[in-house]
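# Need a 3D model of the following:
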Amino acid sequence: MMFDLILSGGVIYDGSGAPPFRADIAIKDKKIILIAPSIVEPAFEKRDVSSFWICPGFVDIHTHYDAEVEIKPDLSESVRHGVTSLVMGNCSLSLGIGSPHVNGDLFERVETMPELITLWKQQAKKWPNTKSYLSFLEQLPLGPNVGCLLGHSALRAEVMGLKRSLTEKATPTEINVMKLLAQEALDAGCIGISIDMVHWHRTTGLYPGHSLPSHHAGFEEYAMLAALCRERDAVFQVTPNPKKLWPSILAIIRLSYGIVRAPLRCTILSAMDMTINKHAWRAFPAFSTICNQFLGCNIRFQTIPEPFTIYSDGPITPLFEEFETGAQLNSLKTSIERKAQWQSSEFKKRFKQQWNCLKGRTFDGDFAKIILIKAPQLAWQGKSLQDIAQSMNEDPLTLFISLLETQDTALRWKHTGANHREAIRHKLLKHPYILPGFSDAGAHCRNIAFFDSALSLLKQSVQSQFIPPEQAIKRVTYEPAKWFNLAAGQLKMGAKADLVILDPQKLNQPITMPNEYIDATLLHSMRMIKQDSHSPIESVYIAGQEVISQGNPHSSLGKKKTGTILKSTVPVMGLQPIYERYRNRINHELLDHPFTNYWDIFILKHQQKYNVLFHCIAFFLMYTFGILSIATQNLWFLLLMPLSQLTGLVGHFCFERSSIDQRDTAFSFRAFISLHKLFFHVLTGQYHHETERVQKALACYQASKT
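Residues are numbered from 1 along each chain as shown. Here you go, the predicted model:
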């Protein structure tokens, strides 16, 4: 066989989390055909990569490239940092449903690049259905692979009309129409639905400053969309409302729980170590663990692997969207309008009051953290507003208002509001229920640039060793792809040849700082990007085609199609089969396997010897308390029976954290019988043989799927 390409001698991190190994990779017809210690067959191109690491292309699960992909399908800013697959349609915003005019008004304030929206509107069209939209995207010369969520705001505005969608609850008839359109979108290939409860995502156009349509929906509307995702095991992305935190959290639990039904595959924005509350980060691991372990949920938070720094142009900033007067400034189009607004003493008074009111906020307003980038005095640049005010013996807020009024967008400043403490950030990044994500690539283009989020995680794993590199790579490749039901993120035979070649010597470089870039293709507008002359990215291949070399895009990127539209790997089953699929899962990653006999599944959940020992002790306790109750005729001994279940749970928690169905934990006949079989197989010395039998059957099944 003549291969298209052979990569020889590289250190391979296959995305599974297994230790790396040195091998050759052969690629033909866009796929990985062979991985072996030495491949001697001929190839059109052979490349010695013995000095490099090879890993799957990174998977970015939270982007807003929906408009940009139609203008610049290369999406080179993400691809140059190793991203080969991404998900867009987040935060209730997507373009497959609705008119370009309305969708543009929904998107513009999130993009913060009106030039991009202007270009998009010039060629955008209203699609007759989502299937037509996805077919259009498939015909683009896509750089990376793209998965699409259906945005609830676009859906709601299309069904109710924009004005009513921003102010009213939907009628039962309108909810039913939304249901039909959402079903159609999921059937066409959308991998899930995104909703948005947060108040600071706002509109432009005829109704500037209104919270997005999804924010105004009632619970029954969210529940309808969640039910559609549940019966397909599709992704449901949600952003809670910090101003109404507990009502929105309780709503998410109501939507997500899965004790007596299939869980909702729900991803939540976002788990962050906020400067406004130094202890709040602890809630995210605790909440997700309680929900997933005890309420049968399938929740994954997202976090950013870098300090969350936002750059702002005077009063035009996402940070001001959290309070009314700040949002008003963001709604005004010109500096003249904003300066006129500042002339009102009443407006200034309200601005000060709202600035100092931190309830329901994520922006702390701490002037010690507000660093000036561009200022009227050169000496101020790089200094905090607090230090400047102190040197002038002025009140920091009064000085800030004066600068905002006189300088407007000529004043550029930055603020780091989350994930600033490395040790805490690392705890969040390695938690099993928190996915590295939330890059927001394509959104807030003048304010942030987290295109290199996955690469930043890998750099930190190498430098601080808080997690092994193979686990760090898994966290940004196979793990998010698997959870989002995408065929991506692994180097294995038969997989699409999407891979990254890394120079390990350059992984010791610090996290790259963003810089301003004038984009000629977007009407010479400024956007934030990451340019790194010492980038660890040696090459990026998509579908076996090299698209990035030494950090630079090839001329073919965005002209020759390499990416495709990603669709869910889970077939439509219905609620009961999905429920059984979750009940019979072996762990959070292994939902698909060949076993129909629960005993086989039970064995794979109980392989670690100390966990097995704890279950034998649990079996002994169960009968001991029962016998004591009968022998002494004291029914109080029966109250000790839950110690048996608790002992088994301790075994799982300490030694083998496999997925345990809540019904099996409390009591189910199948778990009761399997516990007896485990005890007697251990007594007779046969349990080891049973373990080997099912392990072999699972390995054969997985090999047949490769």
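# How about the contacts made by the closest residue to Pro247 other than its chain neighbours?
Closest residue to Pro247 apart from its sequence neighbours, by Cβ to Cβ, 6 or more residues apart in numbering: Asn241 at 7.6 Å. For glycine as for every other residue, the C-beta is placed from the backbone atoms N, C-alpha and C. Counting by Cβ atoms under 8 Å, 6 or more residues apart in numbering, Asn241 touches 197-199, 215, 247-248.
# Go again with 10 Å.
By Cβ atoms under 10 Å, 6 or more residues apart in numbering, the residues touching Asn241 are 196-200, 211, 215, 247-249, 251, 360.
# what's the answer for Thr204, then?
104-110, 114, 117, 210, 330-331, 333.
# in what helix or strand does it lie?
Per DSSP states H and E, Thr204 falls between elements, in no helix or strand.
# change the start of the numbering to 129 and stick with it
Will do, 129 is the new start, and the previous item becomes Thr332.
# Please tell me how far it sits from Gly442.
18 Å (Cβ to Cβ, to the nearest Å).
# before we move on, what about Ser530?
12 Å.
# do the same with Asn304
46 Å.
# Between the two, tell me which one has more neighbours.
Taking other Cβ atoms under 10 Å, Asn304 and Gly442 do not tie; Gly442 has more neighbours (21 against 13).
# what sits against the more buried one?
448, 457, 463, 466, 502, 531-541.
# next one: Glu452
So, once contact is read as Cβ under 10 Å, 6+ apart, Glu452 ends up touching 337, 478-479, 481-482.
# Which of those residues sits closest to Val187?
Gly337 (34.5 Å; Cβ to Cβ).
# number of nearby residues for the closest one?
By other Cβ under 10 Å, the residues close to Gly337 number 16.
# do the same with Cys485
Using other Cβ under 10 Å: Cys485 sits among 11 other residues.
# Against Gln535, how distant is the residue lying closest to it once chain neighbours are set aside?
Take Cys485 and drop its neighbours on the chain: the residue closest to it by Cβ to Cβ, 6+ apart is Phe451, 7.3 Å away. According to Cβ to Cβ, Phe451 and Gln535 sit 20 Å apart.
# more neighbours, the two?
Phe451 (22 against 17).
# OK, contacts around the more buried one?
By Cβ under 10 Å, 6+ apart, the neighbours of Phe451 are 327-328, 478-479, 481-483, 485-486, 488-489, 491, 493.
# And the one helix or strand Ala285 maps to, what's buried?
Using DSSP H and E, Ala285 maps to helix 280-288. Of all the residues in helix 280-288, those buried under the rule 16 or more other Cβ atoms under 10 Å are 280-288.
# out of those residues, who's nearest Pro413?
Distance to Pro413 across the buried residues of helix 280-288 (Cβ to Cβ) is lowest for His280, with 27.6 Å.
# I'd say that closest one and Cys318 touch.
No - checked against Cβ atoms under 10 Å, the pair His280 and Cys318 is beyond contact range at 11.7 Å.
# Quick check: neighbours shared by the two?
217, 222, 225, 310.
# Nearest residue to the first one in space, please, no chain neighbours.
Leaving out its chain neighbours, the residue that sits closest to Gly217 by Cβ to Cβ, 6+ apart is Leu277, at 3.3 Å.
# since we're on that neighbour, how many residues are nearby?
Neighbours around Leu277, by other Cβ under 10 Å: 31.
# check contacts around it.
Residues in contact with Leu277 (Cβ under 10 Å, 6+ apart) are 190, 194, 215-222, 224, 313-314, 318-323, 357, 362-365, 395, 612.
# For Cys357, see how far away it is.
The value you get for Leu277 to Cys357, if Cβ to Cβ is used, is 10 Å.
# who touches both of those two?
With Cβ under 10 Å, 6+ apart, Leu277 and Cys357 have common neighbours 314, 318-321, 363-365.
# For Asn420, state which of these is nearest.
Phe364 (14.7 Å).
# Where does that closest one sit, in terms of helix or strand?
strand 363-366.
# Show me what secondary structure element comes after that strand.
Moving toward the C-terminus from strand 363-366, the next helix or strand (DSSP H and E) is helix 373-384.
# Check which helices and strands the helix or strand just after that following helix is in contact with.
Using DSSP H and E, the helix or strand that follows helix 373-384 towards the C-terminus is strand 393-397. Contacts defined by 3 or more Cβ pairs under 10 Å, 6 or more residues apart in numbering; DSSP states H and E place strand 393-397 against strand 320-322, helix 347-358, strand 363-366, helix 373-384, helix 411-422, strand 426-431, helix 606-611.
# Show me how far the first one is from its chain's centre.
Average the C-alpha atoms of strand 320-322, do the same for its chain, and the two points are 12 Å apart (Cα atoms, centre = their mean, to the nearest Å).
# for Tyr629, helix, strand, or coil?
Slight slip there: residue 629 is Ile, not Tyr. Classification of Ile629 by DSSP: H, G, I helix; E, B strand; the rest coil places it in strand.
# mind listing what it touches?
135, 138, 175, 177, 179-183, 210, 664-669, 674, 676-677.
# now stretch 733-747: mean pLDDT?
Averaged over stretch 733-747, pLDDT sits at 94.
# now the angle from the one helix or strand Val230 maps to to helix 280-288?
Secondary structure assignment for Val230, by DSSP H and E: helix 228-239. In terms of direction (axes from the mean of the first three to the mean of the last three Cα atoms, to 10 degrees), helix 228-239 departs from helix 280-288 by 150 degrees.
# quick one: buried residues of helix 228-239?
Quick answer for helix 228-239 (16+ other Cβ under 10 Å): 228, 230-239.
# Can you name every helix or strand that the following helix or strand past that helix contacts?
Toward the C-terminal end, the helix or strand that comes next after helix 228-239 (DSSP H and E) is helix 242-251. Counting contacts by 3+ Cβ pairs under 10 Å, 6+ apart, helix 242-251 is packed against helix 196-199, helix 228-239, strand 653-657.
# quick one, which of those is nearest to Gln421?
The closest of these to Gln421 is helix 228-239. By Cβ to Cβ, the value is 34.4 Å.
# quick one: average pLDDT of that closest one?
Regarding helix 228-239, the rounded mean pLDDT is 92.
# same thing with stretch 269-278?
Here the average pLDDT along stretch 269-278 is 98.
# returning to that earlier point: show me just the buried residues among the contacts of Ile629.
Counted by 16+ other Cβ under 10 Å, these give 135, 138, 175, 177, 180-183, 210, 664-669, 674, 676 as buried.
# Of those, which belong to strands?
Cross-referencing these against strands under DSSP state E gives 135, 138, 175, 181-183, 665-669, 674, 676.
# Looking at the contacts of Thr332, which is nearest Ala399?
For the contacts of Thr332, the nearest to Ala399 is Val238 (20.7 Å; Cβ to Cβ).
# quick one, what contacts the residue nearest to that closest one when sequence neighbours are not counted?
Spatial nearest neighbour of Val238, chain neighbours left out: Ala571 (5.1 Å); criterion: Cβ to Cβ, 6+ apart. Ala571 sits next to 190-194, 196, 216, 218-219, 221, 235, 237-241, 329, 446, 578 when contact means Cβ under 10 Å, 6+ apart.
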